[in-house]
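J.: got a sequence here, can you build the structure:
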Amino acid sequence: MSVQINETYQVLDGMDVRYLVIYGGRRSSKSWSVSQLLAKKALQYPGRKFVVMRKVARTIKLSVWERMKNALDEFGVLKYCNINKSDREIHLPNKSTFYFVGADDPEKLKSIEGVTDYWLEEATEFTEQDFDTLDAGLSPRVTPSAQIWLTFNPIPSIPGWQHWIQARWFSGKQPELGKLTFVDTDTVILRTYFRHNAFCPQATIRVLEKFKTTNPDLWLMWGLGIFAKMKGAILDRWDNVTKVPAEAKHLGFGLDFGFALDPCAIVEVWVAPGHLWAREWLYATELTNPKLDVVMEADLAIERGVSDIKADSAEPKSIQELQDLGWLVTGCFKYPGMKREAAMWLKGTFLHVVGDSPNLSREAATWHWKRQKAADEDTEEVKLLPVPADGNDHLIDAIIYRAFERQEDIVTKVDVEGSHSDDVPALDQSIVDEEVQTVLKGIE
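T.: Okay, the predicted model is just below:
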């Protein structure tokens, strides 16, 4: 059966190196193409044992599990496979097997003997110790030799600190787009972007290319797949923690609806004076409300009829559907200028990202003020506006719905055409006028 693999990734087929580092911009078909290449390899070489991994086991069902099944289906073999849903295993007729494991389930990892190939999806979620442990134990006598595939989107560069993947393989110049870069005899790097995905929707292309002018830093990172430093970041007081202190007050859950391009996002929130703890529970696209109902009950720490959920009030139909299914969901109170005020509130609060919450960590690092290009077309200078930019804040929105309440002291932190606090941009009269017009349109 003929399977269409994006041309840029075909050079990886049959490559005999130990580490294949595939990264780049959003919607560049990294994960999909790798799933196809691994399915092809499984069929070509009977008896291979592939371990497909995410950092957190609960994220597997809505990501790599479905991707690998779809890839095997493309090759026409899925219907002949023995699929064990409870243990997340796919056994092919030729004795090749795919195991799906989270790095947070070390006992299951230990139970799989004779692994020949690892795929670390969203590899930046893994620690260097995670990687080294897998690497040291990968020593089967097989042909072709054992491999570790890593796929990820670049993360923001932080001055004075490097992610271990950057430190290990990216000490030289930026790899060229679409071309193989050999770091040494064991490692090859491939950087790609959305133009290397022949199936990338035009709507997504327009969204990404808009960042060229609206946010050049995000264009570098999400468009071109470059480790870029974010300018105008809103949050500068946040960290990653393993647990929530006993004295923190549990508020419940926040829910931001999504479907196609925008993911559905759920967080759990705790607070104490000056501090907020948030744990990511869901970040997935293509979830209808009936599917969301199933996921919340089966995979998340949310109890039907018990857990208090605050959701986006702009989706009354979705809220009603979930209420009809027995969930305690209510809409938050929204008003013009809320996002700006909530941003200043969060900026003044220490955000603690709890446990394995990779998408929330990414949003905290990249959430930024909206930009306005200078009137002089010959200059690269941009002006920061005191309005959070949309599109990279789904989990943060969920936090706001759950925890933010209008407070007068926040409103006074920014004066129209006046002084402003710390590094919060000054508020133009035009911003106020725009928000007033939004209200008037809503009334009409």
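J.: same for the strand or helix carrying residue 254, what does it pack against?
T.: Under the criterion of DSSP states H and E, residue 254 resides in strand 249-256. Judged by 3 or more CB pairs under 8 Å, 6 or more residues apart in numbering; DSSP states H and E, strand 249-256 is in contact with strand 264-272, strand 308-311, helix 394-403. (C-beta placed from N, C-alpha, C; glycine too.)
J.: my read: residue 101 touches residue 51, true?
T.: Yes: Residue 101 lies in contact with residue 51 (CB atoms under 8 Å); the separation is 5.7 Å.
J.: what touches both of these two?
T.: Residues touching both residue 101 and residue 51 (CB atoms under 8 Å, 6 or more residues apart in numbering): 109, 112.
J.: now do the strand holding residue 254 and helix 394-403, the angle between them.
T.: Orientation of strand 249-256 against helix 394-403 (axes from the mean of the first three to the mean of the last three CA atoms, to 10 degrees) gives an angle of 130 degrees.
J.: in this structure, where is pLDDT below threshold?
T.: Scanning the chain for pLDDT under 70 picks out 1, 159-160, 373-382, 406-444.
J.: quick check: domain ranges of it?
T.: Following the assignment in automatic domain parsing, the chain carries domains at 7-196, 238-443.
J.: wait, what's in contact with the spatially most central residue of the chain?
T.: Centroid check for the chain by CA atoms, centre = their mean gives residue 359 as the closest residue, at 4.0 Å. With contact taken as CB under 8 Å, 6+ apart, residue 359 is in contact with 263, 265, 280, 283, 394, 395.
J.: wasn't the fourth one part of a strand?
T.: Translated: residue 283. Yes: the assignment for residue 283 by DSSP: H, G, I helix; E, B strand; the rest coil puts it in a strand.
J.: that one - how many residues pack around it?
T.: 24 (other CB atoms under 10 Å).
J.: how about the first one?
T.: Per other CB under 10 Å, the neighbour tally for residue 263 reads 20.
J.: correct me if wrong: it contacts residue 280.
T.: No: Residue 263 is beyond contact range of residue 280, at 10.8 Å (criterion: CB under 8 Å).
J.: what sits against residue 55?
T.: Counting by CB under 8 Å, 6+ apart, residue 55 makes contact with 102, 103, 104, 122, 125, 126, 130, 356, 358.
J.: which ones are touching the fourth one?
T.: Taking CB under 8 Å, 6+ apart as the contact definition, residue 122 lies against 54, 55, 151, 152, 153, 358.
J.: how about 7 Å then?
T.: Residues counted as contacts of residue 122 (CB atoms under 7 Å, 6 or more residues apart in numbering) are 54, 55, 152, 358.
J.: isn't the third one right up against residue 123?
T.: Translated: residue 152. Yes: counting by CB atoms under 7 Å, residue 152 does reach residue 123; the two are 4.3 Å apart.
J.: check which helix or strand the closest residue in space to residue 333 that isn't next to it in sequence maps to.
T.: Distances taken as CB to CB, 6 or more residues apart in numbering place residue 313 nearest to residue 333, at 7.0 Å, with adjacent residues excluded. Using DSSP H and E, residue 313 sits within no helix or strand.
J.: relative to residue 389, how far out is residue 313?
T.: Separation of residue 313 from residue 389 (CB to CB, to the nearest Å): 21 Å.
J.: look up which residues are beta-bridged to the nearest residue to residue 398 once chain neighbours are set aside.
T.: For residue 398, ignoring the flanking residues on the chain, the nearest one in space by CB to CB, 6+ apart is residue 254 at 3.5 Å. Assessed by DSSP bridges, residue 254 has beta-bridge partners residue 267, residue 310.
J.: for residue 90, what is the enclosing helix or strand?
T.: Using DSSP H and E, the element containing residue 90 is strand 89-91.
J.: after that strand, which helix or strand is next?
T.: strand 97-102.
J.: now that next one: how far from the chain's centre is it?
T.: Relative to its parent chain, strand 97-102 has a centroid offset of 21 Å by CA atoms, centre = their mean, to the nearest Å.
J.: how many neighbouring residues does the residue nearest to residue 398 have?
T.: For residue 254, the count of nearby residues is 27 (other CB under 10 Å).
J.: residues contacting it?
T.: Residue 254 neighbours (CB under 7 Å, 6+ apart): 266, 267, 269, 310, 398, 399, 401, 402.
J.: can you pull the buried residues of the strand holding residue 254?
T.: Across strand 249-256, burial judged by 16 or more other CB atoms under 10 Å covers 251, 252, 253, 254, 255, 256.
J.: my guess is residue 319 contacts residue 327. True?
T.: No: Residue 319 is beyond contact range of residue 327, at 9.0 Å (criterion: CB under 7 Å).
J.: if you count surrounding residues, which of the two has more?
T.: Comparing residue 319 with residue 327 by other CB under 10 Å, the one with more neighbours is residue 327, at 25 against 21.
J.: test my guess that the more buried one contacts residue 311.
T.: No: counting by CB under 7 Å, residue 327 does not reach residue 311; the two are 9.4 Å apart.
J.: about what we covered before: what strand or helix carries the residue nearest to the centre of the chain?
T.: Counting by DSSP H and E, residue 359 is found in helix 358-366.
J.: direction included, what does the helix or strand that that helix is followed by pair against?
T.: Once helix 358-366 ends, the next helix or strand along the chain (criterion: DSSP H and E) is strand 369-373. Next to strand 369-373 in the sheet, as set by DSSP bridges, lie strand 382-388 (antiparallel).
J.: how far away from the center of its chain is the strand it pairs with?
T.: With CA atoms, centre = their mean as the basis, strand 382-388 stands 24 Å off its chain's centre.
J.: equivalent analysis for stretch 173-193, please.
T.: Centroid separation for stretch 173-193 versus its chain: 23 Å, with CA atoms, centre = their mean.
J.: buried residues in that stretch, which are they?
T.: Here stretch 173-193 shows 175, 177-178, 180-181, 183, 187-193 as buried, counting by 16+ other CB under 10 Å.
J.: one more: stretch 192-200?
T.: 192, 193, 194, 195, 196, 197, 200.
J.: quick check: end-to-end length of that stretch?
T.: Length of stretch 192-200, first residue to last, CA to CA, to the nearest Å: 13 Å.
J.: how about stretch 114-126?
T.: Using CA to CA, the end-to-end distance of stretch 114-126 comes out at 22 Å.
J.: ok, now stretch 332-340?
T.: The first and last residues of stretch 332-340 sit 16 Å apart, counting by CA to CA.
J.: same deal with stretch 180-188?
T.: Using CA to CA, first and last residues of stretch 180-188 are 7 Å apart.
J.: give me the contact list for that stretch.
T.: Here stretch 180-188 makes contact (CB under 7 Å, 6+ apart) with 11, 15, 17, 18, 19, 20, 21, 169, 175, 189, 190.
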